[in-house]
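Enquirer: Sequence first, then the predicted structure, then my questions.
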Amino acid sequence: MRGLPPSVATPAYDRSRLVPGIVHLGLGAFHRAHQALYTETLIAHGDMRWGILGVSLRDAGVPRMLAAQDHLYSVTERHGEQARTRVAGALRGALHAPSELQAVLAAIAHPAVSIVTMTVTEKGYSQNPASAELDIDDPAIRHDLSAPNQPQSTLGVIAAGIRLRPASAPLTLVCCDNMASNGDTLRKLLVQYASQVDVPLANRIASDVAMPNSMVDRIVPAATPTSLDWAARRLGVRDEAAVVCEPFTQWVIEDRFAGVRPAWEDAGALLTSDVRPYQAMKLRLLNGTHSAIAYAGQLRGLDSVSDAMADPLVGGFARRLMLEDLRATVAAPAGYDVLAYCHDLLARFENPTLGHRTRQIAMDGTQKVPVRWLPALRESLAQGIERPLLERALAAWLHYLRSGVSDSGTALVIGDAGAPALADRLRQAANDTDAAKAALAHASVFGSDAWPSAFVERLASHLSKLRQGGMTLLLAG
């Protein structure tokens, strides 16, 4: 990228000296604005071992787009009128797994690569959200079990790469997706998968491959024509891979690596012995509130998170949900000010320059709700505690699926492969009580354990209000 304004920071190092030491699966905007920038800082300080080879597991457009720009792209951190832009050079290549599979497997197998990171979303791990075990009915997993050397799933690709890797080359897998104990979860699922195709490989993975838990945090909206146009005006050139995100960023990682690792702590990451309190806090307070904003916002016809936060009804609901219901369910790390963290989150949600779409956040609810809301609900109900705001959020999601339209009658676009089966249950029910029972009996989302009858009755009452008067009636009380 030549001819950029002086205010735009560009790589000052020789990119030809970069050695690919990291393979990243899931080459979306989040990775490019998060893990890649932590690594970029280390490279800029002179550690050339950590060039990144990005892998797109589905979309061929992202690798093609990045290749046309020599794998350079810009990241602008923006809040209101304040903005700071830098060009990242850490990405040394980008592969499309379906069409370049052998190159992807060879990269994972290469001894110079000691880290594989991933951001493939919750659904990318082929986990049954109710049982938390490997979903052997996942079409990609079914394919990989019959053709393990031509894998399509995330787990299959990782396992096939490790199978080709020298046993003497240490490897660490760093899951950066929003799952509780994500490293432990990845280990369990990967071993379960490998056990089906290659028992010695499963044993090797279980004993030799490190998978630390981690927690990532940065709001990175998907690129839009508007955001790309804005970035082009700021840069003076067109960057089809431009990312516009918030200034805040956080990465907490357990210091459990099999071999050499980047000194990410020198770039601002927190290395710790236990990431679980940070994970739970972020998963419930940020992600849990985000999901509630998304479904309430979609039902109210509000396109962005900042629009929803500015809406008296939805904004007030989101604030109370976080501060009253969800905050009560988290155990903070020692010395951590959870209330201040909540207020920081709310201020981030109000950032009007991000344009973070409620429709985007609402995607894949059948994967997200079981980890963002249901554990807090289960724990509270087991203690005899009601969470009235969280229960209303759950009802709003179910109504979103059942009605398929906003409160004003506009058709909603629901991007969730697991939604039709649950929506059919809701729509076939004779009344709201039956709808609540039918939904909670949908084991792939809600599990097989019974829910308290009083909770079922409250949920039915919320569904009735939504059916009669939408979000206005639900949140009136």
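Expert: Perfect, thanks for sending it.

Enquirer: how near is residue 239 to residue 354?
Expert: 18 Å (C-beta to C-beta, to the nearest Å). Where C-beta positions appear, they are placed from N, C-alpha and C, glycine not excepted.

Enquirer: Residue 291: what secondary structure?
Expert: What DSSP: H, G, I helix; E, B strand; the rest coil gives for residue 291 is helix.

Enquirer: which non-adjacent residue is nearest it?
Expert: Spatially, and ignoring its direct neighbours in sequence, residue 291 is nearest to residue 372 (5.4 Å; C-beta to C-beta, 6 or more residues apart in numbering).

Enquirer: Who are the contact partners of the one you found?
Expert: 178, 283, 284, 287, 288, 291 (C-beta atoms under 8 Å, 6 or more residues apart in numbering).

Enquirer: Can I get those residues in JSON lines including distance to residue 399, neighbour count and secondary structure?
Expert: Converted to JSON lines, the contacts of residue 372 look like this (distance: C-beta to C-beta, whole Å; neighbours: other C-beta atoms under 10 Å; DSSP: H, G, I helix; E, B strand; the rest coil):
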{"residue": "178", "distance to residue 399": "24", "neighbour count": "22", "secondary structure": "coil"}
{"residue": "283", "distance to residue 399": "23", "neighbour count": "23", "secondary structure": "helix"}
{"residue": "284", "distance to residue 399": "22", "neighbour count": "24", "secondary structure": "helix"}
{"residue": "287", "distance to residue 399": "20", "neighbour count": "18", "secondary structure": "helix"}
{"residue": "288", "distance to residue 399": "18", "neighbour count": "26", "secondary structure": "helix"}
{"residue": "291", "distance to residue 399": "14", "neighbour count": "22", "secondary structure": "helix"}
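
Enquirer: which among those gets closest to residue 100?
Expert: Comparing these against residue 100 with C-beta to C-beta picks out residue 178 as the nearest, at 27.7 Å.

Enquirer: and the closest one, what is it in contact with?
Expert: Taking C-beta under 8 Å, 6+ apart, one finds 122, 216, 282, 283, 287, 368, 371, 372 in contact with residue 178.

Enquirer: What of residue 142?
Expert: residue 136.

Enquirer: again, but for residue 311
Expert: By C-beta under 8 Å, 6+ apart, the contact list for residue 311 reads 297, 300, 302.

Enquirer: can you pick the most crowded of these?
Expert: When neighbours are counted by other C-beta atoms under 10 Å, residue 297 leads those with 28 neighbours.

Enquirer: And that one, how far from residue 369?
Expert: Counting by C-beta to C-beta, the gap from residue 297 to residue 369 is 16 Å.

Enquirer: Number of residues surrounding the nearest residue to residue 133 once chain neighbours are set aside?
Expert: In this structure, residue 133 finds its nearest non-sequential neighbour in residue 192, 6.8 Å apart by C-beta to C-beta, 6+ apart. By the criterion of other C-beta under 10 Å, residue 192 has 18 neighbours.

Enquirer: Shouldn't residue 192 be within a strand?
Expert: No - under three-state DSSP, residue 192 falls outside any strand and is assigned helix.

Enquirer: Do I have it right that it meets residue 131?
Expert: No - using C-beta atoms under 8 Å, residue 192 is not in contact with residue 131; the gap is 11.2 Å.

Enquirer: where's residue 161 relative to residue 109, distance?
Expert: Applying C-beta to C-beta to residue 161 and residue 109 gives a distance of 5 Å.

Enquirer: likewise residue 340?
Expert: From residue 340 across to residue 109, the span is 45 Å (C-beta to C-beta).

Enquirer: and if you look at residue 17?
Expert: Note on residue 17: its distance to residue 109, by C-beta to C-beta, is 23 Å.

Enquirer: So between these two, which is more surrounded?
Expert: residue 109 (18 against 9).

Enquirer: how about the more buried one, what does it touch?
Expert: By C-beta under 8 Å, 6+ apart, the contact list for residue 109 reads 161, 162, 164, 165, 166.
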